[in-house]
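Q: quick one, what's the 3D model for this:
(chains A and B)
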Amino acid sequence: MTETFSFRLNGKAVSVNTDGERALLWVLRTDLGLTGTKFSCGISQCGACTVLVDNKAVRSCAFPMKDIRGKEVLTIEGLSSDSKLHPLQKAFIKYDALQCGYCTPGMILNAYSLLLANPRMTQTEIIQGMEGNLCRCGAYMRIIQAIEAAAEEMKGGNAK
Amino acid sequence: MKENEYSGLDFSDLTEGPSLTRRDFLKTVGGGIIVLYWVGGTSELEAQARGRSYPEDFNAYLKIGSDGRVTCFSGKIEMGQGVVTSLAQMLADELDVSLESVDMVLGDTSVCPWDMGTFGSMSTRFFGPALRAAGAEARSVLLELAAERLETTPNQLAVEDGVIFDKNRKEKRVTYAQLTDGKTIIRHAKQKPALKTPAEFKVMGKKVLRRDALEKVTGKAKYAGDIRLPGMRYARILRSPAHGAKLKSVDTSAVEQTKGASLMRDGDLIAVLHKNFDEAGAALEKIKATYEEPEARVDDETIFEHLLAHSGNGNEVDKGGSLETGERLSEVVVEQKYQDGYVAHATIETHTALAQVEGSKATVWVSTQTPFPIRDRIAEAIGLAPANVRVITPFLGGGFGGKSPGQQAVEAARLAKLCGKPVQVARTREEEFFYDTFRPAAVVRIKSGMTKTGKIVLWDYGVYCAGDRGGKLFYDVPNHRMVSSGSPFGGGSSPHPFGTGPWRAPGANTNTFARESQIDILASKAGMDPVEFRLKNLKDERMIRVLKTAAERFGWNAAKSPSGRGFGVACGIDSDTYVAHIAEVEVDKKSGHVRVKRVVCAQDMGLSINPEGAQIQIEGCITMGLGYALAEHIRFKGGKILDTNFDTYEIPRFSWVPKIETVIIKADDAPAHGGGEPAIICMGAVVANAIHDAIGARVVQLPLSPERVRKAVATSV
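A: Just a heads-up that it's a prediction; the model follows:
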């Protein structure tokens, strides 16, 4: 059944007419044309489709549209503001913390949600928090370094 | 996309560091100048290997635009391995322009020179010399043109950053852009210029960060599934439940009643099309289909006997001395069998393609390692001449040897032709596992013998169904033989029950696991330290150097294995590159769980174009290699694949990552060898040997799962 779903996406109000059972991932990628959010496993097992809903990381492949009303959604396209890269994005570049790059948006957004919740994570906490995001190229070591560097740059401040 | 347009990676705004300027990916070929030059004979090795070479006629490998920017065209593709950076480094250096001024166009069959594909660690080894020769010749032609313009001789001129000037009067100058502006240059250099020597490098050999990172961290990087065309449809295709199953009946009536969904049928291809991928999938589920499945004759437990029984007689690929003599001289004989299961590529991006067929022309965006062969397959499937099919390769979300078959591109093209609209086919993860060309399950049998003092005198090696890559013995053994039986490839009369094919360093992971495990068993029986034992049996100076370098970096102290420390060593050769790994593990004897704590890798890869990129490839190899070493294998029953997603198929995660240390041995005077694969080949053996060193139990089958470790502990007591 088609309904109208209004929510905020990357700081702007949007409305989508669609079926409430559809997953947020596909609405983002096709209806709204934001292809930075990636499809990979489809069952919440890899983290490639991670976006933030009300500042919490969710797997958009398993997040139904019917739960999106009135929420604030952040995708990789909305992370940088005023043409300035977020410290996490800068650190991923500086530490070469990616190879094929397909898991990267999900990695960055998951890390961002962790930093929002705890700006002073230990390395163990970073690893635990990132454990559900998969990278096949094997960039994990550098991703950890990049998250640590971004946290350092933010000096324990607000990740936003 | 119009014929004279192409999508390239523009790096013009990277000079000022990362910023978020809007970038326009579409540029036209017109307006610049294409410098043509002869590249025949630069890729003889490759030609010999594959029976075809890079085009031996004039070809455009680069364009110098009227704005001075240089565009590099290559049939190679970027899947994370970093050629977008390293190829640009080569061209910039030979052409004498800054790295920042080079844009890359990769894997576009309409504008790039033919290429057989990106695999086998061959981009730097074989395409690299061709590209460097191209850059050098273009530079030489530009110097001749400048000499004519400035009324002097080429040897009176020098070049810096694309500006040619008189060595004595610097103000007497002309830029590449000025020289090429408004003209098409078709000429050869009068003399074939020499490539630069390492001492002359300004860009090569320097650590350079990835050049595609900005696109990738902002979500702007386009993969095949991210291309959008007006009116495009997403296809979901009816798939059989098992390899070898035959469709008995199909009822598609429910699809025809689903709003927005349309059914397409082209022979065996039954698909649902919809303007949304997920809704196409929902409609597909309404199809009622029954299949006749063949009886399952083999599974992941019984496969090894099956492979041995169906491998034929094999080919002798290497031989030296006499096995009889070896047997006679052997005072200690070790016979052992090693096994290795099917392993998935499990790229995070699944196989994806978008096809547009307009009249007699087709354009297909494909996630593929082999754009040119795929173009030919598409052309054949939809009845067009290859010249009328254009394959464009956006960024790949991983490849590892798995993205060559291109079935999804053929399906997309067939459906696009049928429905008259652009069609995207993206595999679900379940389809990805089902149609993967797995790393083949394989068996290795070794009979080896040595003297009491630890000199190996006999090596009789048989590999079944993995292929011979990485199996040739580099230890100094007078009496040896290697026989390779059975095909590593699935399909046809192959003993494999489903598709198999190349997987990062094909065959070499299996062969290195077997050889280096066997060497360790011999060392242990000789009562010798495993590093010393290897050195005693090595004459190859490169391998000795690599092994000693790794041992030194690790801080290796000689001890007989098992020492209880959990230290393991393994070495190997792949793509002309030498590697030696030393690992430290912790083993929980009760649970069988293995934690790899530290891995040191020394690598001699000849000239390293981008040492940063090379180091990242080593780290990636070690991390990915932990998967096949510890956990990865496909469970199946007959043609039914039982692991179909990441919920049961485990790949390495953050918590698995050991401390990784890499040493790239400086060898700039040697040609550039392979870098994307070698460092993965030792991972099975180095972990197996470290486990043995920790607990005195040996596992001879990959992966070294907790269950197998527990079993080995139980049987070793």
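
Q: how about the strands in chain A?
A: A:2-9, A:12-19, A:50-53, A:56-59, A:72-74 (DSSP state E).

Q: partner strands of the first one, with direction?
A: Each strand that pairs with strand A:2-9, with its direction, by DSSP bridges: strand A:12-19 (antiparallel), strand A:72-74 (parallel).

Q: ok, and which of those strands has the densest surroundings?
A: Each of the strands paired with strand A:2-9 was scored by mean neighbour count; the highest is strand A:72-74, a mean of 20, by mean count of other CB atoms under 10 Å in any protein chain shown. To be clear about C-beta, it is placed using only N, CA and C from the backbone, and glycine gets the same treatment.

Q: what about that strand, distance to the chain center?
A: Computed by CA atoms, centre = their mean, to the nearest Å, the separation of strand A:72-74 from the middle of its chain amounts to 10 Å.

Q: likewise stretch B:449-461?
A: 35 Å.

Q: give the buried residues for it.
A: Residues of stretch B:449-461 classed as buried: B:Gly449, B:Met450, B:Gly454, B:Lys455, B:Ile456, B:Val457, B:Leu458, B:Trp459, B:Asp460, B:Tyr461 (neighbour count, 16 or more other CB atoms under 10 Å in any protein chain shown).

Q: what residues does it touch?
A: Applying CB atoms under 8 Å, 6 or more residues apart in numbering or on different chains, the set of residues contacting stretch B:449-461 from outside is B:323, B:325-327, B:329-334, B:444-448, B:471, B:473, B:475-483, B:514-515, B:522-523, B:525-526, B:528, B:533, B:536-537.

Q: again, but for stretch A:16-34
A: For stretch A:16-34, contacts defined as CB under 8 Å, 6+ apart pick out A:1-5, A:9, A:14, A:35, A:37, A:39, A:49, A:51, A:53, A:58, A:60-66, A:68, A:73, A:75, A:77, B:219, B:226, B:228, B:234, B:275-279.

Q: out of those residues, which sit inside helices?
A: B:Phe277, B:Asp278, B:Glu279 (DSSP state H).

Q: from those, list the ones also adjacent to chain A.
A: B:Phe277, B:Asp278, B:Glu279 (CB under 8 Å from any CB of the partner chain).

Q: closest one of the residues you listed to chain A?
A: Closest approach to chain A among those (CB to the nearest CB): B:Asp278, at 4.1 Å.

Q: tally of neighbours for that closest one?
A: Using other CB atoms under 10 Å in any protein chain shown, B:Asp278 has 22 other residues around it.

Q: find the closest residue to chain A in the stretch 201-350 of chain B.
A: Going by CB to the nearest CB, chain A is nearest to B:Gly219 of the stretch 201-350 of chain B, at 2.1 Å.

Q: report the contact partners of that residue.
A: By CB under 8 Å, 6+ apart, the contact list for B:Gly219 reads A:Leu34, A:Thr35, A:Gly36, A:Thr37, A:Thr75, A:Ile76, A:Glu77, A:Pro105.

Q: per-residue pLDDT of the last one, please?
A: Pointing back at A:Pro105 there. Looking at A:Pro105, its pLDDT is 98.

Q: residue ranges with poor pLDDT in chain A?
A: A:156-159 (pLDDT under 70).

Q: apart from its chain neighbours, what residue comes closest to the closest residue to chain B within it?
A: Relative to chain B, the nearest point of chain A is A:Gly36 (2.1 Å; CB to the nearest CB). Counting by CB to CB, 6 or more residues apart in numbering or on different chains, the nearest residue to A:Gly36 once its immediate chain neighbours are dropped is B:Gly219, at 2.1 Å.

Q: cool, B:Asp268 as well?
A: Closest residue to B:Asp268 apart from its sequence neighbours, by CB to CB, 6+ apart: B:Leu247 at 7.7 Å.

Q: does that neighbour lie in a helix or a strand, and which?
A: strand B:246-251 (DSSP states H and E).

Q: so who does the residue of the stretch 551-700 of chain B found nearest chain A touch?
A: Per CB to the nearest CB, the residue of the stretch 551-700 of chain B with the smallest distance to chain A is B:Thr623, at 2.9 Å. Counting by CB under 8 Å, 6+ apart, B:Thr623 makes contact with A:Gly138, A:Ala139, A:Tyr140, A:Met141, B:Pro652, B:Trp656, B:Val657, B:Ile660.

Q: any chance of CSV for those residues, columns neighbour count and distance to B:Gly676?
A: Shown next, in CSV, are these (neighbours: other CB atoms under 10 Å in any protein chain shown; distance: CB to CB, whole Å):
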residue, neighbour count, distance to B:Gly676
A:Gly138, 27, 12
A:Ala139, 28, 14
A:Tyr140, 25, 18
A:Met141, 20, 18
B:Pro652, 24, 17
B:Trp656, 19, 21
B:Val657, 22, 19
B:Ile660, 22, 16
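
Q: quick check: the farthest pair among those?
A: Distances among the contacts of B:Thr623 were taken as CB to CB; the most separated pair is A:Ala139 and B:Trp656, at 13.1 Å.
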